[in-house]
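Student: Everything below, folded, please.
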Amino acid sequence: MKLLILGGTAWLGHRTALAAAAEGHEVTCAARGISGAPPSGAAFLSIDRDADGGLAEAAGQRWDAVIDVSRQPGQVRRAVRDLADAADFYVFVSTGNVYASQKEYGQDEDAPLLPPLASDVMESMESYGPAKVACEQAVTSGFGPSRRAIVRAGLIGGPGDHSGRSGYWPLRFAHPADAGGRVLVPDAGAQPTQLIDVRDLAQWLVDVARERTAGIFNAVGDTVPLAQHLAAAASAAGPGIPLPEHEPASTGAAGEKQGSAVAVAQQWLREQGVGEWSGPRSLPLWLEDQDWQGMNARSNARARRAGLTLRPLEQTLADTLAWEENEGIDRPRGAGLSGNEERELLARLDAGPGAVTAGRGKAES
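Tutor: Down below sits the predicted model:
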């Protein structure tokens with residue numbers, strides 16, 4: 001297969017190019033090159049997608065398939081215009097943010113979408129969902145339903161995840177900030193989580209392009225409760241790490257047992273200024289707002305039937321931990337509590353009621 005990847009130098013695009021090159025495909029990564037170099041085995045084509053004729057050189061060749069990860073409607077509209085006669089199939093990587101509601105569990109690909117962004121340029125992340133809707137519409141309009149695949153990705157994790165969302169928990173369990181080995185977790189064990197390994201997504205994008213699997217797909221991981229995700233993170237961290245528990249067994253001072261996970265009331269966390277999901281001073285993947293929990297509980301049945309395979313969550317977290325350790329345990333991250341922040345919060349808990357300690361012994365009793 002002669003494959004054109006519009007991108008291919010940043011995280012997902014690079015992994016996709018790597019997977020395609022490993023199969024022996026003729027891969028060309030078309031990008032500005034600012035995010036890095038393409039993997040070994042892939043050619044590089046310098047382009048400017050913001051220029052009207054930025055894809056002229058690519059449009060002058062013949063491609064079996066194109067894979068596009070852009071979020072800018074203008075870039076996608078121009079690519080579809082210029083490549084409609086040069087490529088047989090177009091794979092567009094979209095997002096679950098296109099859905100009008102993030103509340104319902106089990107939504108499939110037929111759920112209502114947000115209105116498309118009219119502008120060619122997405123000015124801020126507040127317009128991310130509408131921008132991707134506009135991109136999807138451009139691809140379908142230019143290539144038709146039978147010559148395109150729309151792949152709506154969910155939360156992507158794994159080695160290389162600089163957001164910190166998939167690496168924070170295994171790293172924290174492997175290297176607790178607290179001298180007593182305690183790890184602060186939200187008492188939200190039933191909340192859904194859904195993570196897809198970047199390597200699984202990348203491989204499936206190549207498969208879809210190769211097989212020309214037309215359709216619209218939720219490319220998301222299996223939904224597991226937060227408690228199960230944290231247990232997998234603790235297991236990935238190595239033997240002897242306590243499994244978190246989230247059902248309150250008692251109230252009172254925290255930290256009575258060394259080496260235990262400390263499940264803390266969500267209200268208390270909010271009062272201490274701890275954020276949800278991502279960003280500084282946060283607990284990654286925690287998402288208290290029920291109007292948004294459905295984003296972690298979408299159906300992946302259609303993608304599964306189309307060949308998407310997922311490695312065990314614990315393997316993803318273990319590999320991400322190894323990457324995090326190699327990058328540096330104490331480096332700044334895009335999500336989570338710093339060591340000092342976690343120690344400060346645990347000290348506040350020690351001074352008063354509000355937490356539940358949970359360790360492996362407690363969980364098995």
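
Student: How about the contacts made by the closest residue to Pro130 other than its chain neighbours?
Tutor: Excluding the flanking residues, the one nearest Pro130 by Cβ to Cβ, 6 or more residues apart in numbering is Leu117, at 4.0 Å. Bear in mind the C-beta positions are built from the backbone N, C-alpha and C, glycine included. Applying Cβ atoms under 8 Å, 6 or more residues apart in numbering, we find Leu117 in contact with 73, 127, 130-131, 133-134.

Student: give me that answer again for 10 Å
Tutor: Counting by Cβ atoms under 10 Å, 6 or more residues apart in numbering, Leu117 makes contact with 71-74, 123, 127-135, 137.

Student: Trp169: which of those residues is nearest?
Tutor: Tyr128 (24.9 Å; Cβ to Cβ).

Student: before we move on, the earlier item: generate a ChimeraX selection restricted to the buried subset of the contacts of Leu117.
Tutor: Buried residues within the contacts of Leu117, by 16 or more other Cβ atoms under 10 Å, are selected in ChimeraX with:
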select :71,72,73,74,127,128,129,130,131,132,133,134,135,137
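
Student: Lowest pLDDT pick from the contacts of Leu117?
Tutor: Lowest pLDDT of the contacts of Leu117: Glu123, 91.

Student: before we move on, the earlier item: gap between the residue nearest to Pro130 and Cys135?
Tutor: 9 Å (Cβ to Cβ, to the nearest Å).

Student: Repeat that for Gly334.
Tutor: 24 Å.

Student: Next: Arg172.
Tutor: Separation of Arg172 from Cys135 (Cβ to Cβ): 36 Å.

Student: One more: Thr28?
Tutor: Thr28 is 21 Å from Cys135, where distance means Cβ to Cβ.

Student: For Trp277, see how far away the closest residue in space to Gln290 that isn't next to it in sequence is.
Tutor: Distances taken as Cβ to Cβ, 6+ apart put Lys103 closest to Gln290, at 6.7 Å, once the chain neighbours are dropped. Lys103 is 15 Å from Trp277, where distance means Cβ to Cβ.

Student: Name the residue in those two with the higher neighbour count.
Tutor: Of the pair Lys103 and Trp277, Trp277 is the one with more neighbours under other Cβ atoms under 10 Å, namely 18 against 15.

Student: for the residue nearest the centre of the chain, what are its contacts?
Tutor: By Cα atoms, centre = their mean, the mean C-alpha position of the chain lies nearest to Ile156, the distance being 1.9 Å. Ile156 is in contact with 11-12, 15, 93, 95, 163, 165-166, 195-202, 219-221, counting by Cβ under 10 Å, 6+ apart.

Student: Surely Tyr96 touches Lys132?
Tutor: To be clear, residue 96 is Gly; Tyr isn't right here. Yes. Applying Cβ atoms under 10 Å, one finds Gly96 in contact with Lys132, separated by 9.4 Å.

Student: list residues touching both of those two?
Tutor: Shared contacts of Gly96 and Lys132, defined by Cβ under 10 Å, 6+ apart, comprise Arg152.

Student: picking up where we left off before, list phi and psi for the residue nearest to Gln290.
Tutor: The phi/psi pair for Lys103 (degrees, to the nearest 10) reads phi -90, psi -40.

Student: That one and Leu287 touch, don't they?
Tutor: No. Judged on Cβ under 10 Å, Lys103 makes no contact with Leu287 at a distance of 11.5 Å.

Student: what sits in contact with each of the two?
Tutor: Between them, Lys103 and Leu287 share these contacting residues under Cβ under 10 Å, 6+ apart: 293, 295.

Student: pLDDT below threshold where in the stretch 1-150 of the chain?
Tutor: Counting by pLDDT under 70, the stretch 1-150 of the chain contains no low-confidence range.

Student: in it, which spans are strands?
Tutor: 2-6, 26-31, 42-46, 65-68, 90-95, 148-153 (DSSP state E, counting those that start in this stretch).

Student: again, but for the stretch 151-300 of the chain
Tutor: Taking DSSP E, counting those that start in this stretch to define them, one finds strands in the stretch 151-300 of the chain at 155-157, 183-186, 192-197, 215-219, 223-225, 261-264, 275-277, 279-280, 282-284.
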